[in-house]
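Participant: need coordinates for the below:
(3 chains)
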Amino acid sequence: MFSKFFIRFLFYIFSIYFLYISLSFSAGKSFELYDIKFSFDGIFGTFDKPSARRGLQIYREVCSGCHGLKFIAYRNLTSLGYSREEIKNIASEYEIEDGPNSEGEMYLRPAVSSDNFIDPYANINMAKFMNNGAAPPDLSLIVKARNYGSKYVYSLLMGYKDIPDNFDSLNGYYNKFYPGHIIAMPQPLYGDDVEYLDGTISSLEQEVIDITTFLTWTSHPEMVDRKKMGFKVLVFLIFMTGLLFLSYKKIWKPVKDGSI
Amino acid sequence: MTKKEIGSRLIDWIDYRLPIFSSIKHSLVDYPTPRNLNYWWNFGSLAGFFLVLQIITGVVLAMHYNPSAEGAFASIEHIMRNVNYGWLIRYAHMNGASFFFIVVYIHIFRGLYYGSYKSPRELLWWFGLIILLLMMATAFMGYVLPWGQMSFWAATVITNLFSAIPVIGDGIVNWLLGGFAVDDALLKRFYALHYLFPFLIVGFVILHISALHTHGSNNPLGIDSGGPQDSISFHPYYTIKDLFGLSFVLTIFFLVVFYAPDYLGHPDNYIPADSLKTPAHIVPEWYFLPFYGILRAIPDKLGGVVAMVSAIFVLFLLPWLDTSKVKSATFRPIYKKIYWLLVVDVVVLTWVGGNPPEGYFILIGRIATIYYFSHILILMPIIGFLEKPKKLPSSIAGTVLKQKRENVDNNV
Amino acid sequence: MSNKDKLKKSSRRDFIHISSGVTVVAGACFSAWPLIDQMNPSADILSFSTIEVDLSLLKQGQSMSVLWRGKPLFIRYRTDDEIKEAQDIDIKNLKHPESDKTRVIDPRYLVMVGVCTHLGCVPLGQQGDYDGWFCPCHGSHYDTSGRIRKGPAPFNLEIPPYEFIGDSKIKIG
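Facilitator: Have a look, this model is predicted:
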């Protein structure tokens, strides 16, 4: 009796799952992204911290000229393995407007670890004005805010190609993976853009993996905790479901065999 | 005097003045329940659980949320990044909404299959539909609160539906918006109502359960209980069964919360609202897709809105549109088949609703919409007359025990 | 069925029910913790713990207040009389005996949390019977070292952790 029910239930679960899969595929874009495996993929995946730290270096030396990271505070970098002293030093390289002071004036001061990353532009209008009308998006949530997340960011940064002959490019650059293929951002990384502090060779692919790892961390800072806690919770719940099933069968036995 | 006696005397003392213990005993312990309910009857209590989960996590989120156009998006990120376990609570609330709809839709389809809306349970069915309407309003307003791109444009599109109303439409839209476009005023009133509506739902749940307990649960055979041999007490039989079911569903729920928390959401909602730029492809949350499919199937603005609203309101007429005297589809050979057609039809509408309205999606959407309304308004009344139902069993207990004997015989 | 059989049977049945009961209760307790812990100070609040204050603008006899962790801090450049008054006290007779030396780093500057230790009001400066601070809520009098002398407050005004960085600059927290 139970096995019959169980098979039926599995069938329902799979049909629901299949429905979702087909729905999400039909809703997504059809072009194929690069197939790449990241350190943070899978149930037990964690961030490759040295890679994320190199990604921070790329962000600071390349991306931060145009892109903000406004939801990340310098103090958050502790989870990439930076010490408090290192974070203080990184923060103090930036200046931030504070105030008003006791005389009512705004003033500039070096950033401290509790400050968020400073924006490259004072406001959105300035960002638009300086970039031909297309404001560079903030990168704090860029992985979460795109279909296929990390894979898309990786593919986009690797996907700059020469403009095909039959393509009109009025203002923008050709990218294989950008929807519509014409992107306002020029190719940001070519390889050898930075000299890595840890001596890693900065090939294009290495740089793109590093910045993607860093940006995945900025989007999902809770990911490692979440996966660890999730594993414990699920083991607990499966155990509890098993026990409750035994209790249920035991209590129902007299009903099922007709003695009640 | 033993401890137990003191305890029971205290209970008696309170109960004499305010009969909470005897009413709990009446409706959750002794309440006679048909002995043959299958697992599809678990989804009512599951819906109750998710309502409570949504209220608890929602109250907690409200402690950190900032209902303003400037601060809403950032306050969500504050919850996700700074508040202790904020990410867990918000992901549970987000996915809790989806799971609430999953279990409620299954609950409704169970009612459709077993004829649970038929006399004397018409009001019970009505309260259920009112709960569904309130849930939809609550879920929609909740989706606006993070103030991302999808929030903003969903609010714009849905409030503009009201402009389809002749003459007073535009006035109503401005009244809803508290302005001429979606902005701070709308966000604040949606926040207030999003907090209020769940408690209205609780009120209707109480009515729903009171109506249920007046005539008792329907059952897979759809025949009335003939006496005590057909029923068992709610506790411990259904409390343990509901707990087991809950634990099973929670396992799936937390699998999603911990390992695919954004799977059911849309990436565009992590882009802050921008009133100058509409996302390329806007879709509502998955639980609204069938209705969205109906809306877009009708080429006329007013017609589309009327059709979408009617899709729910025709369900209120179901107890009278279904002319069959037999409740359970088990004994209705024709209805049983077209029931599954309706299920497929709703799945197709969901699929169409999630895709851009172009090419063959338009045609499929129209056929599915026509089928939906013909099913309820034409097929159900006609089949009730034409169909020759199978012979109904004489009692619940008899059927259950007969099945049991047959199983034993088969095994031997 | 004999009594013994009954006992045996019921204890075996009880074992599964008790374990599932305990598991359910444990699960409910675990899930309560995130809901409780979310009310504790969040990560951004905890990080605002140090501030730096420049004392060079402060003249003798002047006070300033700054905010630290959402609370007012009193910083007073004390007059010579006030310093003398604070030091010449027999601390044995005090409600909360502390010498002035233990309450300051540089005797000229008194730095303390401006929150009355009674029920959290902000005392007024240079008032009360002891030329120090006076809390208007329930009448606690503090002396020129911020020690409680009269009234319902149980302790002296709290001294925050701070250090001098440079001649006239302090880092609090």
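Participant: just the local confidence number for the residue lying closest to residue C:34 once chain neighbours are set aside, please.
Facilitator: Leaving out its chain neighbours, the residue that sits closest to residue C:34 by CB to CB, 6 or more residues apart in numbering or on different chains is residue B:85, at 3.5 Å. The C-beta positions use only the backbone N, C-alpha and C, and glycine is treated the same way. Confidence at residue B:85, expressed as pLDDT, is 97.
Participant: spit out the contact partners of residue B:85.
Facilitator: C:33-35, C:37-38 (CB atoms under 8 Å, 6 or more residues apart in numbering or on different chains).
Participant: give me the buried subset of these.
Facilitator: For the contacts of residue B:85, a burial check counting by 16 or more other CB atoms under 10 Å in any protein chain shown picks out C:34, C:38.
Participant: return the subset of the contacts of residue B:85 lying in helices.
Facilitator: C:33-35, C:37 (DSSP state H).
Participant: quick one on the thing from earlier: quickly name whichever of the contacts of residue B:85 is closest to residue A:212.
Facilitator: Lowest distance from residue A:212 to those (CB to CB) belongs to residue C:34, with 30.1 Å.
Participant: quick one: residue B:277 is in a helix?
Facilitator: No - counting by DSSP: H, G, I helix; E, B strand; the rest coil, residue B:277 falls outside a helix, being coil.
Participant: out of everything not next to it in sequence, what's closest to it?
Facilitator: In space, residue B:277 is closest to residue B:149, 7.8 Å off (CB to CB, 6+ apart).
Participant: could you do residue A:226 as well?
Facilitator: residue B:258 (5.6 Å).
Participant: please verify my assumption that the one you found contacts residue A:224.
Facilitator: No - taking CB atoms under 8 Å as the definition, residue B:258 is not a contact partner of residue A:224, at 11.7 Å.
Participant: so which of those two has more stuff around it?
Facilitator: Ranked by neighbour count (other CB atoms under 10 Å in any protein chain shown), residue B:258 and residue A:224 place residue B:258 first, with 22 against 16.
Participant: ranges for the helices of chain C?
Facilitator: Using DSSP H, helices in chain C cover C:3-37, C:43-47, C:80-87, C:100-103.
Participant: for chain A, what are the nearby residues on chain C?
Facilitator: Residues of chain C lying close to chain A by CB under 8 Å from any CB of the partner chain are C:13, C:16-17, C:19-20, C:23-24, C:27, C:30, C:43-44, C:47-48, C:50, C:57.
Participant: any of these buried? List them.
Facilitator: Neighbour counting over the residues of chain C next to chain A (16+ other CB under 10 Å) leaves C:16-17, C:19-20, C:23-24, C:27, C:43-44, C:47-48 as the buried ones.
Participant: show me where the stretch 1-150 of chain B has its helices.
Facilitator: B:3-17, B:20-24, B:43-62, B:72-81, B:86-113, B:122-144, B:149-161 (DSSP state H, counting those that start in this stretch).
Participant: dump those helices to JSON lines, plus distance to residue B:274 and mean neighbour count.
Facilitator: As requested, the helices of the stretch 1-150 of chain B are exported to JSON lines (distance: least, CB to CB, whole Å; neighbours: other CB atoms under 10 Å in any protein chain shown):
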{"stretch": "helix B:3-17", "distance to residue B:274": "57", "mean neighbour count": "11"}
{"stretch": "helix B:20-24", "distance to residue B:274": "52", "mean neighbour count": "13"}
{"stretch": "helix B:43-62", "distance to residue B:274": "24", "mean neighbour count": "19"}
{"stretch": "helix B:72-81", "distance to residue B:274": "11", "mean neighbour count": "21"}
{"stretch": "helix B:86-113", "distance to residue B:274": "22", "mean neighbour count": "21"}
{"stretch": "helix B:122-144", "distance to residue B:274": "15", "mean neighbour count": "20"}
{"stretch": "helix B:149-161", "distance to residue B:274": "6", "mean neighbour count": "21"}
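Participant: whichever residue of the stretch 51-200 of chain A sits closest to chain C - how many residues pack around it?
Facilitator: Residue nearest to chain C within the stretch 51-200 of chain A: residue A:114 (3.9 Å; CB to the nearest CB). Per other CB under 10 Å, the neighbour tally for residue A:114 reads 17.
Participant: now do the contacts for it.
Facilitator: In this structure, residue A:114 makes contact with A:73-75, C:44, C:47-48, judged by CB under 8 Å, 6+ apart.
Participant: try residue B:371
Facilitator: B:341-342, B:345.
Participant: quick check, nearest of those residues to residue A:189?
Facilitator: Proximity of these to residue A:189 (CB to CB) peaks at residue B:345, which lies at 49.8 Å.
Participant: shouldn't that closest one be in contact with residue B:373?
Facilitator: No - between residue B:345 and residue B:373 there is no contact under CB under 8 Å: 10.3 Å.
Participant: who's more crowded, these two?
Facilitator: Shown here are residue B:345 and residue B:373; by other CB under 10 Å, residue B:345 has more neighbours (20 against 15).
Participant: which element follows the helix or strand harbouring the more buried one toward the C-terminus?
Facilitator: Secondary structure assigned from DSSP states H and E places residue B:345 in helix B:333-353. Sequence-wise, the next helix or strand downstream of helix B:333-353 (DSSP H and E) is helix B:360-374.
Participant: show me which residues of the stretch 1-150 of chain B are close to chain C?
Facilitator: B:56-57, B:60, B:63-64, B:78, B:81-86, B:88-89.
Participant: residue ranges in chain C under the pLDDT threshold?
Facilitator: Along chain C, segments meeting pLDDT under 70 span C:1-13, C:48-49.
Participant: residue of it nearest chain B, please.
Facilitator: When distances are taken as CB to the nearest CB, chain C reaches nearest to chain B at residue C:34, 3.5 Å away.
Participant: same check on the stretch 51-200 of chain A?
Facilitator: When scored by CB to the nearest CB, the stretch 51-200 of chain A has residue A:145 as its residue closest to chain B, at 3.8 Å.
Participant: secondary structure class for that residue?
Facilitator: At residue A:145 the chain is in coil, as set by three-state DSSP.
Participant: that one reaches residue B:270, doesn't it?
Facilitator: Yes - with contact defined as CB under 8 Å, residue A:145 reaches residue B:270; the gap is 3.8 Å.
Participant: what parts of chain C come near chain B?
Facilitator: C:24, C:33-35, C:37-40, C:42-45.
Participant: among the residues you listed, which two are most distant?
Facilitator: Using CB to CB, the pair of those lying farthest apart is C:24 and C:44, separated by 35.8 Å.
Participant: in space, what's closest to residue A:257 - neighbours in sequence excluded?
Facilitator: With CB to CB, 6+ apart as the criterion, residue A:257 has its nearest non-adjacent residue at 6.9 Å, and that residue is residue B:404.
Participant: actually residue B:197, not the one I typed
Facilitator: Closest to residue B:197 by CB to CB, 6+ apart is residue B:138, at 4.2 Å.
Participant: residue B:328 now?
Facilitator: residue B:222 (3.1 Å).
Participant: which of the ones in helices among the contacts of residue B:85 sits closest to residue C:131?
Facilitator: residue C:37 (45.3 Å).
Participant: my read: the closest one touches residue B:86, true?
Facilitator: No - here residue C:37 lies out of contact with residue B:86, judged by CB under 8 Å, at a distance of 9.9 Å.
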